[in-house]
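In: Predicted model and sequence below, questions to follow.
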Amino acid sequence: MNKNNDLSHISKKPLNSQSTSNASTLIKRGCLSATILLSLTTLTMTAQADSAAVEEYHGSASVDTSAPIAALSKLTSLDNTNDLTVTVPTIQQFKTKSGVPVRFVQTTTLPIVDIDLRFNAGSARDNSIQRDGFGIANMTATMLTQGSKSLDENQFTQAVETLGINLNSSAYKDMFIVSLRSLSDDKHLLPAIDLMTQMLSEPAFDDAILARNKARLLVGLQQQKQDPNSLASIAFNKALYGKHLYAHQSAGTLESVPNISKQQLIDFKNRYLVAANASLAMTGNLTLVQAKQLAENITANLPTGQMATELPEPKPINQAKHIHIPFPSTQTTVLMGQLGSKRATNPKDQQQQTNFAVGNEVMAGGDFNARLMTEIRQNLGYTYGISGSMNPMLAKGPYQIGFSTRNDKARAAIDASLEVINDTLDEGITSSEMQLTTDSLKNSFPMGFASNAGINGLLGMMNFYQLQDNYLTNYVNRIDQVKLSEVNQTMRDTLKPDDFLIVTVGQDDPWKDDKTKK
């Protein structure tokens with residue numbers, strides 16, 4: 001189940017982001033993604049549904065559904081109704097000699113180390129290197145793992161594979177991540193750290209590889225034109241953000257990619273991949289002394305540099321807008337929403353985000369208890385899946401609801417969805433719905449740090465947004481402090497469905513006969 005809670009950027013794979021670990025998947029990572037956790041594919045599950053598609057199961061035997069299940073009375077485990085006690089990992093903090101903040105969690109269960117080095121340096125910074133230079137951050141991330149001055153592409157790849165490590169670099173809208181997973185013994189970890197520092201301090205940025213990457217990326221950008229989800233995402237971001245730095249897709253455009261140069265990649269690295277702009281998270285089978293030494297090894301060769309400037313806040317469009325993109329398909333892809341919130345960094349705003357997360361989970365969560373799923377899928381049979389989520393970033397991210405439906409049902413499905421949203425805002429969620437959701441959020445919370453990777457993702461997110469350690473320890477408290485009246489008021493204050501931006505991609509324009517179309 002896709003939890004729209006205030007941990008939505010735990011691993012930072014949110015909507016509107018793209019990962020760039022290798023050139024063959026460049027364009028896939030340029031499409032609408034998070035979360036947090038939260039990609040457009042999840043939001044817009046392909047549906048070929050009509051009212052006959054949602055059927056009840058009719059068994060051949062007669063069953064008294066009102067009778068209790070006899071076996072349950074014999075399950076003694078059900079007698080244990082004590083509240084679950086959650087122990088949050090112990091986080092140790094320090095800074096390297098170059099001033100890079102580090103968060104470290106020691107785990108000794110497995111001989112593994114996860115390292116997450118983040119820079120305030122996503123594709124929103126492309127324009128600072130070259131006007132309309134969309135795709136520079138993405139290409140920089142791609143080429144970091146394609147050779148260094150000491151090792152060509154093949155040698156670098158062979159070294160990574162020989163060590164059996166995961167070494168990747170990824171560009172998102174507002175952050176740039178270099179990550180490493182390795183065995184923790186010196187034989188594997190030390191040469192892995194050497195490869196990581198090589199790619200950061202002396203990437204090859206080979207001209208021939210750059211030309212190959214650009215050619216592959218252009219093919220992918222052309223293929224996007226055949227993907228209704230990509231078309232909807234690109235149009236939505238462009239219309240929602242206008243001239244803001246979040247408006248363009250991270251992979252770049254057909255116009256910008258051919259103009260990306262080696263010098264632009266060098267300039268991006270020198271400007272943004274610097275110590276003053278970095279934060280480091282480490283989790284695994286290390287002592288604190290070892291963690292401090294590794295942190296120094298990783299950051300020692302980073303230029304001091306300067307912290308990136310604060311991103312400007314986008315302006316809401318404040319009026320309904322409908323965009324239709326003709327596409328030869330029996331299905332219409334729908335993406336609707338508005339400007340959302342930025343990542344909350346103080347207790348008051350964090351509580352507000354938790355309040356919204358609870359209300360939105362009831363209304364637009366991805367499970368079958370959510371109101372949109374119940375009405376639009378189960379009762380009306382318009383789609384196989386509909387869900388919505390908030391994607392907070394350094395600046396205000398989008399709130400989006402997505403689904404697909406038959407062309408001739410598109411307008412009815414949109415109207416029905418808006419009706420559910422308005423009814424939820426007018427009448428509010430119920431106490432029982434809130435209790436079910438808060439229980440679910442609390443019980444699923446420990447899964448966020450059930451693995452090294454999960455813990456390290458949390459540390460990386462907290463470091464990047466400069467959150468206090470008590471962000472984790474207070475999470476359950478924030479859920480316990482949720483009040484029904486405040487949840488409903490937060491939903492009303494946040495969502496403005498009458499001003500929604502609605503993008504449709506399909507054969508027929510749902511508003512073609514609507515004289516009030518905007």
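Out: Received, thanks.
In: switch to C-alpha atoms for all contacts and neighbour counts from now on
Out: Noted.
In: buried stuff in the strand or helix carrying S128?
Out: Taking DSSP states H and E as the definition, S128 sits inside helix 126-129. Buried residues in helix 126-129, counting neighbours by 16 or more other Cα atoms under 10 Å, are found at D126, I129.
In: One more: stretch 241-259?
Out: Quick answer for stretch 241-259 (16+ other Cα under 10 Å): 241-242, 244-254, 256-259.
In: Just these: which are in helices?
Out: Y241 (DSSP state H).
In: re the thing from before, mind giving me the packing neighbours of the helix holding S128?
Out: Other helices and strands packing on helix 126-129, by 3 or more Cα pairs under 8 Å, 6 or more residues apart in numbering; DSSP states H and E, are helix 262-272.
In: I'd like to check the angle between the helix or strand containing S279 and helix 262-272, please.
Out: Element membership for S279, per DSSP H and E: strand 278-284. Strand 278-284 and helix 262-272 are oriented at 80 degrees to each other (axes from the mean of the first three to the mean of the last three Cα atoms, to 10 degrees).
In: residue boundaries of the helices in the stretch 51-200 of the chain?
Out: 126-129, 136-144, 153-163, 186-201 (DSSP state H, counting those that start in this stretch).
In: Take the ones you listed and lay them out in TSV including distance to T374.
Out: Below are these laid out as TSV (distance: least, Cα to Cα, whole Å):
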stretch	distance to T374
helix 126-129	42
helix 136-144	39
helix 153-163	47
helix 186-201	48
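In: out of those helices, which comes closest to L372?
Out: Proximity to L372 (Cα to Cα) singles out helix 136-144 among these, at 35.2 Å.
In: And the lowest mean pLDDT element among the helices and strands of this protein?
Out: Across the helices and strands of the chain, mean pLDDT, DSSP states H and E gives its lowest value to helix 40-43, namely a mean of 35.
In: how near is R125 to E310?
Out: 11 Å (Cα to Cα, to the nearest Å).
In: Looking at the two, which one has more neighbours?
Out: The residue with more neighbours, out of R125 and E310, is R125; 26 against 9, by other Cα atoms under 10 Å.
In: In this structure the more buried one contacts A137, no?
Out: Yes. Counting by Cα atoms under 8 Å, A137 is a contact partner of R125 at 7.5 Å.
In: number of nearby residues for D206?
Out: Neighbourhood size, D206 [other Cα under 10 Å]: 16.
In: Quick one: residues contacting it.
Out: G147, K262 (Cα atoms under 8 Å, 6 or more residues apart in numbering).
In: got it, and L294?
Out: Per Cα under 8 Å, 6+ apart, neighbours of L294: I193.
In: Name the helix or strand for it, please.
Out: Going by DSSP H and E, L294 is part of helix 288-299.
In: Buried residues in that helix, which are they?
Out: For helix 288-299, by 16+ other Cα under 10 Å, it's A291, K292, L294, A295, E296, N297, I298, T299.
In: any idea which of the residues you listed is closest to N213?
Out: Taking Cα to Cα as the measure, N213 lies nearest I298 of the buried residues of helix 288-299, at 27.3 Å.
In: ok, now how distant is the closest residue to L459 other than its chain neighbours from T108?
Out: Using Cα to Cα, 6 or more residues apart in numbering and skipping residues adjacent in sequence, the residue nearest L459 is A281, 5.6 Å away. The spacing between A281 and T108, counted by Cα to Cα, is 16 Å.
In: One more: E161?
Out: To T108, E161 is 25 Å away according to Cα to Cα.
In: Ok, L288 next?
Out: 12 Å.
In: ditto for L394
Out: Distance of L394 to T108, computed by Cα to Cα: 34 Å.
In: again, but for V178
Out: Counting by Cα to Cα, the gap from V178 to T108 is 23 Å.
In: cool, Y241 as well?
Out: Per Cα to Cα, Y241 is found 45 Å from T108.
In: do the same with Q92
Out: Per Cα to Cα, Q92 is found 15 Å from T108.
In: Pretty sure R371 sits against V420.
Out: Yes. Counting by Cα under 8 Å, V420 is a contact partner of R371 at 7.1 Å.
In: Pick out whichever of those two has more residues nearby.
Out: Neighbours per residue, other Cα under 10 Å: of R371 and V420, the larger number sits with R371, 25 against 17.
In: Give me the neighbour count for the closest residue to the more buried one other than its chain neighbours.
Out: Closest residue to R371 apart from its sequence neighbours, by Cα to Cα, 6+ apart: M363 at 4.8 Å. Neighbourhood size, M363 [other Cα under 10 Å]: 26.
In: Could you do the one 5 residues further on as well?
Out: As a burial measure, F368 scores 17 neighbours (other Cα under 10 Å).
In: can you tell me which residues contact it?
Out: Counted by Cα under 8 Å, 6+ apart, F368 has contacts T374.
In: secondary structure class for it?
Out: coil (DSSP: H, G, I helix; E, B strand; the rest coil).
In: distance between the strand or helix carrying F236 and the chain's centre?
Out: F236 belongs to helix 228-241 when elements are defined using DSSP H and E. Relative to its parent chain, helix 228-241 has a centroid offset of 16 Å by Cα atoms, centre = their mean, to the nearest Å.
In: How about stretch 291-306?
Out: Worked out by Cα atoms, centre = their mean, stretch 291-306 lies 27 Å from the chain centre.
In: Could you find the closest non-adjacent residue to L425?
Out: R492 (5.5 Å).
In: make that I177, sorry
Out: Nearest non-adjacent residue to I177 (Cα to Cα, 6+ apart): R118, at 4.5 Å.
In: where does that neighbour sit relative to N138, distance-wise?
Out: 14 Å.
In: How about L110?
Out: Per Cα to Cα, L110 is found 33 Å from N138.
In: the more surrounded of these two?
Out: It is N138, of L110 and N138, that has more neighbours when counted by other Cα under 10 Å, with 32 against 12.
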